[in-house]
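Enquirer: Fold the following.
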Amino acid sequence: MEMMIDFPGGARVDAHFRGHTLRTDQPPAGGGMDSAPMPFEVFLASIGTCAGIYILGFCRQRGLPTDGIRIIQRHYPNPITGLMDKITLEIQVPPTFPKQYHSALIRAADLCKVKKTLEYPPQFEIFAREVEVS
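Expert: I've put the predicted structure just below:
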């Protein structure tokens, strides 16, 4: 997969892929207009939404209702580095959701590809090269 990242103005940075545009911005304190989430917020949201996709798939495969299910994601940054020391996902289910599936929901969320990628991080290669502007 390839993404094209561009700079549409101000503190905005957008990613384009598969016919979609993911817009990001900074809050006013960071020089932006807060017109979109910050890139790090998008990254954090990808963890919870990915876990949600796995929970949704689990429930659909078993014909279980997803009404009332939600994930509360909490972040615990290191006060010195600002990097995340801990991220928790609390899967909230309504009282009517079958109790025998609670641990299975946790196992489904644990399969999240974003989480797995963080556990086994890729190598990064960053380089610059000149190209003609068209």
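
Enquirer: For the rest of this, base every contact and every neighbour count on C-alpha atoms.
Expert: Will do.

Enquirer: Any idea how far apart the tips of stretch 107-115 sit?
Expert: 12 Å (Cα to Cα, to the nearest Å).

Enquirer: Now that stretch: buried residues?
Expert: Of the residues in stretch 107-115, 108-110, 112, 114-115 count as buried by neighbour count, 16 or more other Cα atoms under 10 Å.

Enquirer: Which helix or strand contains the residue nearest the centre of the chain?
Expert: Against the mean C-alpha coordinate of the chain, by Cα atoms, centre = their mean, the closest residue is residue 46 at 0.9 Å. Residue 46 belongs to helix 39-62 when assigned by DSSP states H and E.

Enquirer: What residue spans form the domains of this structure?
Expert: Following automatic domain parsing, the chain resolves into domains at 1-36, 49-119.

Enquirer: any idea of the mean pLDDT in the shortest one?
Expert: I take that to be domain 1-36. Taken as a whole, domain 1-36 carries a mean pLDDT of 96.

Enquirer: In terms of helices and strands, where is residue 116?
Expert: helix 113-119.

Enquirer: How far does that helix sit from its chain's centre?
Expert: 11 Å (Cα atoms, centre = their mean, to the nearest Å).

Enquirer: what packs against it?
Expert: helix 39-62 (3 or more Cα pairs under 8 Å, 6 or more residues apart in numbering; DSSP states H and E).
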